[in-house]
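**Q** Predicted model follows, preceded by the sequence.
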Amino acid sequence: MGVADHCKDTFLELQRKKTHRYVIFKIDEKRKEVVVDKTGGATESYDDFMASLPENDCRYAIYDFDFVTDENCQKSKIFFIAWSPSVSRIRAKMLYATSKDRFRREMDGVHYEIQATDPSELDLEVLRDRAH
């Protein structure tokens, strides 16, 4: 499975320029590569991000999580999310599972990784707990 150049460029825009709050990627089965599915602007919320994940299909996502530490410092951590809802097709789950490590290696600078099959596993508290 290949990775479109645009994926890495879009990730770098999120990481370095803070252009995006999140990037959602999908596998284009015809082209046999990972492509950008959607980006969320810097002002979009976590709810906007969650609403962008399909209920019944797999995706990869990068989310730039901003938070304030106990010492009152503004911080940011980048999460890689492998979204594989339990109701998605078996073929899709297998395709995303077998391609994940190769794709994840292209995203240099990710702090944490989360595998989720249900929205409850991506609750904002989960990110907060991981980031602190």
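**A** Sure thing, it's come through. Numbering: from 1, shown residues only.

**Q** Name the residues that touch the helix or strand of the chain with the lowest mean pLDDT?
**A** Between all helices and strands in the chain, the lowest mean by mean pLDDT, DSSP states H and E belongs to helix 124-131, at a mean of 91. Here helix 124-131 makes contact (CB atoms under 8 Å, 6 or more residues apart in numbering) with 46, 63, 65, 67, 75, 77, 79, 111-112, 114. The way it works is simple: take the backbone N, C-alpha and C, and place the C-beta from them, glycine included.

**Q** Just the terminal-to-terminal distance for stretch 104-122.
**A** 18 Å (CA to CA, to the nearest Å).

**Q** average pLDDT for it?
**A** If you average the pLDDT over stretch 104-122, you get 95.

**Q** which ones are touching residue 87?
**A** Residue 87 is in contact with 55-56, counting by CB under 8 Å, 6+ apart.

**Q** pLDDT at it, what is it?
**A** We note a pLDDT of 96 for residue 87 in this prediction.

**Q** and what of the one 4 residues further on?
**A** At residue 91, the predicted lDDT confidence score is 96.

**Q** before we move on, which element is it in?
**A** helix 90-106 (DSSP states H and E).

**Q** contact partners of that helix?
**A** Under the contact criterion CB under 8 Å, 6+ apart, helix 90-106 has outside partners 1, 3, 7-8, 11, 25, 27, 29, 34, 57-60, 80, 82, 84, 110, 113.

**Q** Show me how far that helix is from its chain's centre.
**A** Mean C-alpha position of helix 90-106 versus that of the full chain (CA atoms, centre = their mean, to the nearest Å) differs by 13 Å.

**Q** Next SSE downstream of that helix?
**A** Downstream of helix 90-106 (by DSSP H and E), the next one is strand 112-116.

**Q** Report the buried residues of that next one.
**A** By 16 or more other CB atoms under 10 Å, the buried positions in strand 112-116 come out as 114, 116.

**Q** Just want the angle from that strand to helix 90-106.
**A** 180 degrees (axes from the mean of the first three to the mean of the last three CA atoms, to 10 degrees).

**Q** Could you name the helices and strands sitting against strand 112-116?
**A** Judged by 3 or more CB pairs under 8 Å, 6 or more residues apart in numbering; DSSP states H and E, the packing partners of strand 112-116 are strand 74-83, helix 124-131.
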